[in-house]
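**Student:** Sequence plus the predicted model coming up.
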Amino acid sequence: MNTLQMNEWIGTASKPIIIAGPCSVETPEQLDQTVNYLVKEGIRIIRGGVWKPRTRPNSFEGVGEIALPWIREAKSKYGVQFAIEVASPYHVEKALEYGIDMLWIGARSTVNPFTVQDLADALRGVDIPVWVKNPVNPDIALWIGALERLNRAGVKKLGAIHRGFSNFNDSIYRNSPTWQIPLEFKTQFPEIPLLNDPSHISGKRDLILPVSQMALDLNFDGLIIESHINPDQAWSDSAQQLIPADLGKLIAQLQTRIATVNNPLLESQLEVIREHIDEVDRELLEVLGRRMKLVEKAGEYKKLNNVAIFQMERWKKVFETRPIWASSLQINQEFVKELYKLIHTESIKKQEEIMEGKLQESISRK
Ligand SMILES: O=C(O)C(=O)C[C@]1(C(=O)O)C=C[C@@H](O)C=C1
């Protein structure tokens, strides 16, 4: 993608970039006070929802464009930049009319290529930074596709926001972070600034610090955090907003890490550890290969005796015992469960190939 470097449009290369502000702009007083206190905490880019895409129809859907003059007022009074969400060409038109500095495209818009294309068309020829939140579902291609549509329309000041992925309330998070997706994004597009949105991932105040720290440990470029002068009275997302003073405390607690090792001594120490990791990975794969050979043997036995591939009782036993074995080795049980789900899927695939005779054919051809 043909994009500009972060320092060329954010005005700073120092990380982490922090964008903070209320979930929704509610009243001129709420906005003024929130911005006033956020500025005291060193925040220079404010976020605030004007139009809110809500899941259920009876929720508060944002005050709408009447908030735009209040924002313009706060911008000139406090000298801050302001970011809002846009979900239609009309929102874009209004945001530009009122001198909004940055836009973001929400998760529920990113998911729809028609909406993203409408927004990209509305932004053609306009020089404004645009942040794209990940889609609600864990589909990295949709996320990339949205950025590409904007980039093709000429938007060069582009960034991405990781706000987590919808789940069926079976997680401690409001939206599951599924960190491998933003990491894959960063690997593919290292030049595009990537922010983390710990507020929407957490859904509650006490998780915001650990999620933010995790993002910084994974080398995210910054954070976008919800902050409200009186969260308990907030018109939306009350449980996940912090008062500006608490946001300041949270920022002070965050540990920033250096992206790469540039001290030769540390570099060589890390290199020794990495060589050991290489060795261990080789052993790990050899053991995995041995397991696969045994699974193939079991598959041949099943084929010969016309036995079903999926053996529920055995699988249950494997799935229950391995995490217990793992915990005595100080390995996380949830990780081992996920690992065994993958291993079992691969076993089934291998045995299916054997049943269909593919493996035999390819072996006899050799
Ligand atoms: O025990 C078997 O029947 C196997 O083929 C091995 C294995 C496994 O990978 O552990 C694979 C498939 C079955 O559903 C259960 C277990």
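**Tutor:** Perfect, I can see it now. Residues are numbered from 1 along each chain as shown.
**Student:** Name the nearest residue to whichever residue of the stretch 201-350 of the chain sits closest to the ligand, sequence neighbours excluded.
**Tutor:** Minimum separation of the stretch 201-350 of the chain from the ligand (CB to the nearest ligand atom) falls at Ser347, amounting to 3.3 Å. In short, each C-beta sits where N, CA and C put it, glycine included. The shortest distance from Ser347 to any non-neighbouring residue, by CB to CB, 6 or more residues apart in numbering, is to Val295 (4.5 Å).
**Student:** Would you confirm that that neighbour belongs to a strand?
**Tutor:** No. Applying DSSP: H, G, I helix; E, B strand; the rest coil, one finds Val295 to be helix, outside a strand.
**Student:** got a list of what it touches?
**Tutor:** Ser347, Lys350, Gln351 (CB atoms under 8 Å, 6 or more residues apart in numbering).
**Student:** And Gln33, by the same measure?
**Tutor:** With contact set as CB under 8 Å, 6+ apart, Gln33 has these partners: Ile229.
**Student:** what about it, distance to His228?
**Tutor:** 10 Å (CB to CB, to the nearest Å).
**Student:** same question, Gly11
**Tutor:** Gly11 is 25 Å from His228, by CB to CB.
**Student:** Those two: which is more packed in?
**Tutor:** His228 (30 against 11; other CB atoms under 10 Å).
**Student:** low-scoring pLDDT stretches of the stretch 1-150 of the chain, where are they?
**Tutor:** The stretch 1-150 of the chain contains residues with pLDDT under 70 at 13.
**Student:** Surely Gly299 touches Glu346?
**Tutor:** No. Judged on CB atoms under 8 Å, Gly299 makes no contact with Glu346 at a distance of 11.7 Å.
**Student:** The two: who's more crowded?
**Tutor:** Gly299 (21 against 14).
**Student:** helix or strand for that one, which one?
**Tutor:** helix 264-305 (DSSP states H and E).
**Student:** right, and the helix or strand after that helix?
**Tutor:** Next element after helix 264-305 (DSSP H and E): helix 312-328.
**Student:** Asn262 and Lys15: what is the separation?
**Tutor:** 16 Å.
**Student:** who has more neighbours, the two?
**Tutor:** Counting neighbours by other CB under 10 Å for Asn262 and for Lys15 shows that Lys15 has the greater number, 17 against 8.
**Student:** ok, the residue lying closest to the more buried one once chain neighbours are set aside - contacts?
**Tutor:** Excluding the flanking residues, the one nearest Lys15 by CB to CB, 6+ apart is Asp221, at 5.5 Å. Contact analysis of Asp221 by CB under 8 Å, 6+ apart lists Met6, Lys15, Pro16, Ile17, Gly159, Pro193, Leu194, Leu195.
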